[in-house]
Structure formats: C-alpha cells, structure tokens
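> Sequence isn't available, so here's the structure alone:
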Ligand code: ATP
Ligand code: MG
C-alpha cells in the first residue's frame, strides 16, 4: 500500500495528565528537528492523541529518523482516504489486502468518529466477506499474516498494514536535566542513551588527567557524543582537569584504596558542578558487581560524599546486553579505541571490594582536598557538541 500519512503514537506519555500538552509540544519539536531535510515534503497535524504527518511525496521521504525519537512508541504508514460509505470502505479494504503477501488475514476497524453509521464489527465483516469470496485467503484472528487496520475519523478513513516500533520513552527534555559522568568506555555512553530515551536532557562531565591520558580520549568523547546527537541535538561536555587530584590520591592512599578515593573525588566534583549548573541529579555507568569499584559496598562508600540522587541506568544490566545496545547506537567501535582513561592508567593493586567508610575518611584527612576540587571546577573546559544541520 502506498502510504500518504504517518500516524505517530506516543505510548507511555499519554498517561501524563496535565503535562501532556508540554510533552506533545516537545515531541513535535523533536520530530521537526529530525525531519529537517524533509520539511517541504510533509505537513504535521498535532492532535491530543496522535501526531499525523501528511506526506506529499513518498519517493523523497524517509521515515527512518522516526525510529530514533524518544517519545514515539510506534508509528504506522497509512493511507488516508476520504470515504464515508460502507461500500467504499469495503472496496478500499479489499484492494489493500489484495496487495499484501500471505495466506491469512484479519480486519481490525475502529470508529474514532462514533457518528459513522456502521459499527466496527459491521465494517470488519463486510470487508472480510468480500476477501473470502474473491481470494483464497483465510481468516486468522490470532496471528494473521496480513492485519489490515482501519481508523474511521471525522476527516476520513485511515488504512494501514504496517506498524513500526519506536524507541519509546519520553520526548527529550520533558523529564528534567541530569549530569552524566562520561568516561571513554563502553558503559557510560549506553547509560547516557538510556537517560536520553527516558526524556532526560543530559549534560556530561569527564575527568581528564593529562599527560597521563591523551588528547585521543577527548576526541573519542566528541565522536561518541556526535552519535548521541541523534537523540539530543545539543550536548554540553564539561572537561574537569583531574591530574593534580589524582596524583595526590595515589600518593596518600594505601593499597586497595586509590580507586575508591578517586571515585569519591569524582562524585564530589560532579556534585559541585551540578550545583553550579542547577542540575539536581547525577548519573553514571556502573553495573552491580562488574568490577571491584562497583560492588554494593563500594557504591555505598562512593555515594557517601554526595546527597544528590545518583541514577545508574545500567545497574542491573549484563555486559552482553550493554554491548548489544552500544552496537545498536554505534558507540561501540568508538569506545573500544585503545586510549587509556584515568582509571586504567594508574596501577592499582588489589582494589578493595569492600572498602571501609572509616578508612576512606581517614585517608582523605591526610590532605586538604577542598581547595584542589575548587581549583579544578574553576578550570573546567566546556565543549558543546551539536547536531550538524542540513
Ligand atoms: P565505562 O565503560 O563507562 O568506562 P567501566 O565499566 O569502565 O565503565 P569504571 O571505569 O569503573 O567502569 O567507571 C564506572 C563509571 O564511572 C563510568 O561508567 C562513568 O560513569 C564513571 N567514570 C569513570 N571514569 C570516568 C572519567 N574519567 N570521567 C567521567 N566519568 C568517569
Ligand atoms: Mg571505564
């Protein structure tokens, strides 16, 4: 069936009561931005329950960007026909089914406009009986090869056989802002994607330890964020100079503790930055038990230094699941580029899986870290990564 309209469904956000208007507005904006190259080819009709894109030249139009927009649960490629007589519905319905491949079919009509004089059941039966009479197709109500859906609205009938899943979630920016700790590894970009998909506007912070870590890491981060621009058009990356603090940590920490202390310092810095940016939550890519610094005891020792909520989207994910997503969002190949990050550069023998809080506090008393943290915050380098507009 050659479609002339796309019906976009919102899914979860339909339940969001009074925020709904704002959500739909943000989603419409997202769609416009993602379909920038096609703006002369479609017109958008935003309604309270769906968004319709009327396409005036399907040959030049590509709907794939819709599969990457958070807030879209699914969409259907439909044909809108201005018919209001049962006989016309039957003829169109029959033509549509005839064009499809398969042995079994089902017709699923819905009257959105209740003033239409025939019930959905009558429409279904009328179309099915013409199909049964004129083809070898059989009805299968549970698992049909061809499912023809028809929505009868006051402005016409919408026929469709093809529904495509979106990524779901909420429109970007509709659920607040977060400061994400971005390393160059596989996990944190995936966590960032999951947050964006949930509608969170993400800013990123990276702790950089030149000359121990190379400029290659920063290039890597920019490349990763360019991939994530697909979901959020503009991403701020804050690069925090971490060398001095890190050297100090390794100077004073006994065996087993540098990683824990380092992560406590990272969280302290992230909290200070978040406060400055008026951001109320932090996020990171940890997964329970993945490494020594990600045991529950370690997470407790790390969390102690901040009172901001910390969202860890991957906390229950397996590495295989994480890798699958990173391949899907195309960050995997960038993440595995061989640059050292500040966690791997300093040798760390036998990291503690159960660091003691008291011990952490005692180690930290050995140096006056607050001025160092403030100095690092003063010297942050901000980079804005933006979607290229075409
Ligand atoms: P990733 O693949 O995201 O690097 P990982 O499995 O290597 O994760 P860790 O190195 O222990 O795990 O880091 C855990 C989390 O801490 C990361 O997912 C990231 O959110 C944060 N993190 C680690 N290093 C940095 C860094 N240099 N700058 C910013 N955040 C960092
Ligand atoms: Mg890492």
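Received the coordinates, thanks. A quick note: this is a predicted structure, and the numbers were derived from the prediction, not measured. Residues are numbered from 1 along each chain as shown. Ligands and ions are numbered 1, 2, ... in the order given.
> show me where the protein has strands.
Listed in chain order, the strands of the chain (DSSP state E) span 5-9, 42-46, 50-55, 74-81, 104-111, 138-139, 146-153, 156-165, 177-181, 201-208, 234-241, 282-283, 310-311, 381-386.
> my guess is residue 258 contacts residue 249, does it?
Yes. Using CB atoms under 8 Å, residue 258 is in contact with residue 249, at 5.6 Å. Yep, even glycine has a C-beta here, placed from its N, CA and C like the rest.
> could I get the strands of the chain as TSV with mean neighbour count, distance to residue 361 and mean pLDDT?
TSV is the format used below for the strands of the chain (neighbours: other CB atoms under 10 Å; distance: least, CB to CB, whole Å; pLDDT from 0 to 100):
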stretch	mean neighbour count	distance to residue 361	mean pLDDT
strand 5-9	21	52	96
strand 42-46	15	55	95
strand 50-55	19	54	95
strand 74-81	20	51	96
strand 104-111	19	63	96
strand 138-139	13	72	96
strand 146-153	20	63	95
strand 156-165	18	49	94
strand 177-181	23	22	98
strand 201-208	23	21	97
strand 234-241	19	23	98
strand 282-283	24	21	98
strand 310-311	18	19	98
strand 381-386	13	31	97
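> Enumerate every residue touching the most centrally placed residue in the chain.
Centroid check for the chain by CA atoms, centre = their mean gives residue 197 as the closest residue, at 2.2 Å. Residues near residue 197 by CB atoms under 8 Å, 6 or more residues apart in numbering: 70, 167, 168, 169, 231.
> so how far is residue 72 from it?
Using CB to CB, to the nearest Å, residue 197 is found at 11 Å from residue 72.
> What is the neighbour count of residue 335?
Neighbours of residue 335 under the rule other CB atoms under 10 Å: 20.
> about what we covered before: what's the nearest residue to the residue nearest to the centre of the chain if we skip its chain neighbours?
In space, residue 197 comes closest to residue 169 once its chain neighbours are excluded; the distance is 4.1 Å by CB to CB, 6 or more residues apart in numbering.
> doesn't residue 261 make contact with residue 253?
Yes. Contact status for residue 253 versus residue 261: in contact at 5.2 Å, counting by CB under 8 Å.
> list residues touching both of these two?
residue 363.
> Pull up the per-residue confidence for residue 213.
pLDDT for residue 213: 85.
> measure it to ligand 2 for me?
To ligand 2, residue 213 is 11 Å away according to CB to the ion, to the nearest Å.
> now swap in residue 95 and tell me
57 Å.
> In the protein, where's the longest helix?
helix 258-277 (DSSP state H).
> Please spell out which residues along that helix are buried.
For helix 258-277, the neighbour count (16 or more other CB atoms under 10 Å) marks 258-274 as buried.
> what pLDDT, on average, does that helix get?
97.
> Can we start the residue count at 387 from this point?
Sounds good: first residue 387 from here, last item helix 644-663.
> what's the angle between it and strand 563-567?
Interaxial angle, helix 644-663 versus strand 563-567 (axes from the mean of the first three to the mean of the last three CA atoms, to 10 degrees): 150 degrees.
> Isn't residue 514 up against residue 523?
No. Shown here, residue 514 and residue 523 do not form a contact pair, counting by CB under 8 Å, at 9.3 Å.
> anything in contact with each of these two?
residue 491.
> Against residue 647, how distant is residue 748?
The spacing between residue 748 and residue 647, counted by CB to CB, is 11 Å.
> Residue 565 now?
21 Å.
> How about the residues of the chain by ligand 2?
Contact residues, the chain versus ligand 2 (CB under 5 Å from the ion): 569, 571.
> OK, now which residue of the chain is nearest to ligand 2?
residue 571 (3.5 Å; CB to the ion).
> ok, now which ones touch the nearest residue to that residue once chain neighbours are set aside?
In space, and not counting its chain neighbours, residue 571 is closest to residue 721: 5.8 Å by CB to CB, 6+ apart. Remark: with contacts taken as CB under 8 Å, 6+ apart, residue 721 is in contact with 570, 571, 572, 575, 606, 610, 712.
> So which of those is the closest to residue 502?
residue 712 (48.3 Å; CB to CB).
> Number of residues surrounding that closest one?
Other residues close to residue 712 by other CB under 10 Å number 23.
> surely it meets residue 706?
No. Residue 712 is beyond contact range of residue 706, at 10.8 Å (criterion: CB under 8 Å).
> Now do the buried residues in stretch 512-521.
For stretch 512-521, using 16+ other CB under 10 Å, the buried residues are 512, 513, 514, 516, 517.
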